[in-house]
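>>> what follows is a protein structure lacking sequence information:
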Ligand SMILES: Nc1nc2c(ncn2[C@@H]2O[C@H](COP(=O)(O)OP(=O)(O)OP(=O)(O)O)[C@@H](O)[C@H]2O)c(=O)[nH]1
Ligand SMILES: [Mg+2]
């Protein structure tokens, strides 16, 4: 297994979703004490989101990963007000969170053209600074790439997430009967007859303890955060990571996945979710499906049969439960239609909410507004 993961890492090792860089604003220029001249301000460092840019390209182009803006010009007899230093513009991929070394989020760049100032240049020398300039700001920051997708696949390893993605979209992710086949997120697009598109992110399998970064859980959970809709994928027959790990039924896998999301970030449990019960072609799948549905419907009764630390504070409410088989294709059309419907319903709800808020803002005293 170790050999296998190394081979896979060699193959997929070029994918990067985090890059640490050094940024420094330019120093200000000297003032001119005798003539009262002001030095120019130092240049600033900006991040600019650009289509088709990748973190890997930034790293290849700037192996030292230092981005320093130009110095402000000194004040001189010919030019009393020194010119501003040259700004340094770093092109980054859209869908980036900018994070400090101590995990503080400074901001996000979500779409091409978004800009963010990350290090301001120093101030040019002037009367207030006794004509001495100040240095530019300097930081070490992380460019943290999150996938922006409509739907994120969430499940234990081997549940059939990649198989499902390859059936419902044009993507061809690797599929194999060992855990952790997928080690990097991959995007697929579902194309509908009327050209509507829904993007789906295949994420590496989560395991128990993912919230505490077990199995590099954080790396994968962070991608879940940005998807609009979660698609839980479970194996109707349950899951066992290895012979020394406990066997988990389909119900237990749903409960554990919910708990892992909740422990990682409480807000995740408010995300809209659909449940795909996969491998319905296997023997006894129908009985197991009925059992799972019964357990989910009567969650409050069944949760007492589980260890306490496995049970989430709130049961996730699935918008739909869809039995299917990625192998035979049974049920996958229902899933494709269902994903579109829930995404459109959500968008409509958000729009209504927005209009309601606007109405309230226009008539603050009108309590009759819905
Ligand atoms: N019988 C049956 N097997 C399936 C089905 N879907 C997937 N499988 C098998 O389950 C195994 C795992 O499938 P993957 O699609 O790689 O699973 P995954 O969830 O992407 O796994 P990781 O990438 O490891 O997280 C493969 O051997 C698939 O052929 C199904 O509907 N029925
Ligand atoms: Mg996979």
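Structure received. The shown structure was predicted, so the numbers you read here are calculated from the model rather than taken from an experiment. Ligands and ions are numbered 1, 2, ... in the order given.
>>> could you use CA atoms for every contact and neighbour count after this?
Fine.
>>> name the SS class of residue 303, please.
Following DSSP: H, G, I helix; E, B strand; the rest coil, we place residue 303 in the helix state.
>>> what about it, neighbour count?
Look at residue 303: counted by other C-alpha atoms under 10 Å, it has 19 neighbours.
>>> the closest residue to it other than its chain neighbours and ligand 2, how far apart?
Distance criterion C-alpha to C-alpha, 6 or more residues apart in numbering; nearest residue to residue 303, sequence neighbours excluded, is residue 311 at 6.7 Å. According to C-alpha to the ion, to the nearest Å, residue 311 stands 26 Å off from ligand 2.
>>> residues near residue 311, how many?
So residue 311, with other C-alpha under 10 Å, has 19 neighbours.
>>> ditto for residue 108
Neighbour count for residue 108, taken as other C-alpha under 10 Å: 19.
>>> just the one 3 residues further on next, same as before
Burial of residue 111, expressed as a neighbour count using other C-alpha under 10 Å, amounts to 16.
>>> need the pLDDT of it.
Listed pLDDT for residue 111 reads 86.
>>> nearest spatial neighbour of it, skipping sequence neighbours?
Nearest residue to residue 111, sequence neighbours excluded (C-alpha to C-alpha, 6+ apart): residue 94, at 5.0 Å.
>>> Three-state assignment for residue 220, please.
At residue 220 the chain is in helix, as set by three-state DSSP.
>>> show me what from the stretch 151-300 of the chain comes close to ligand 1.
Within the stretch 151-300 of the chain, the positions adjacent to ligand 1 are 156-163, 175-177, 179-182, 204-205, 278-279, 281-282 by C-alpha under 6 Å from any ligand atom.
>>> now a ChimeraX select for only the buried ones of these.
Applying 16 or more other C-alpha atoms under 10 Å to these leaves a buried subset, and the ChimeraX line that selects it is:
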select :156,157,158,159,160,161,162,163,175,179,180,181,182,204,205,278,279,281
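>>> among the residues of the stretch 151-300 of the chain next to ligand 1, which lie within strands?
Using DSSP state E, the subset of these located in strands is residue 278.
>>> and the residues of the stretch 151-300 of the chain next to ligand 1 near ligand 2, which?
Intersecting these with the contacts of ligand 2 gives 162, 182 (criterion: C-alpha under 5 Å from the ion).
>>> name the nearest residue to residue 113, sequence neighbours excluded.
residue 49 (5.3 Å).
>>> correct me, but the one you found touches residue 94?
Yes: contact status for residue 49 versus residue 94: in contact at 5.0 Å, counting by C-alpha atoms under 8 Å.
>>> what touches both of those two?
Residues touching both residue 49 and residue 94 by C-alpha atoms under 8 Å, 6 or more residues apart in numbering: 109-112, 114.
>>> out of the residues you listed, which is nearest to ligand 2?
Checking the shared contacts of residue 49 and residue 94 against ligand 2 by C-alpha to the ion gives residue 110 as the nearest, at 26.2 Å.
>>> so who does that closest one touch?
49, 94-96.
>>> now residue 143
With C-alpha under 8 Å, 6+ apart, residue 143 has these contacts: 17-21, 96-99.
>>> one more pass at 10 Å, please.
Taking C-alpha atoms under 10 Å, 6 or more residues apart in numbering, we find residue 143 in contact with 17-21, 47, 55, 92-93, 95-100, 108-109.
>>> look up how far residue 16 lies from it.
Distance, residue 143 to residue 16, by C-alpha to C-alpha, to the nearest Å: 10 Å.
>>> contact partners for residue 278?
Residue 278 is in contact with 159-161, 163-164, 232-237, 250, 285, 289, 322-327, 330-332, counting by C-alpha under 10 Å, 6+ apart.
>>> quick one on the thing from earlier: the contacts of residue 110 in strands, which ones?
Among the contacts of residue 110, DSSP E puts 49, 96 in strands.
>>> between the contacts of residue 110, which is closest to ligand 1?
Minimum distance to ligand 1 across these is 23.1 Å, recorded for residue 95 (C-alpha to the nearest ligand atom).
>>> pretty sure the closest one contacts residue 145?
Yes: using C-alpha atoms under 10 Å, residue 95 is in contact with residue 145, at 5.9 Å.
>>> out of these two, which sits in the busier spot?
Between residue 95 and residue 145, counted using other C-alpha under 10 Å, residue 145 has the larger neighbour count: 25 against 19.
>>> out of the contacts of residue 143, which end up buried?
17-21, 47, 55, 92-93, 95-99, 108-109.
>>> among those, which ones are in helices?
residue 55 (DSSP state H).
>>> now for residue 95 and residue 145: what residues contact both?
In terms of C-alpha under 10 Å, 6+ apart, residue 95 and residue 145 are both contacted by the residues 108-110.
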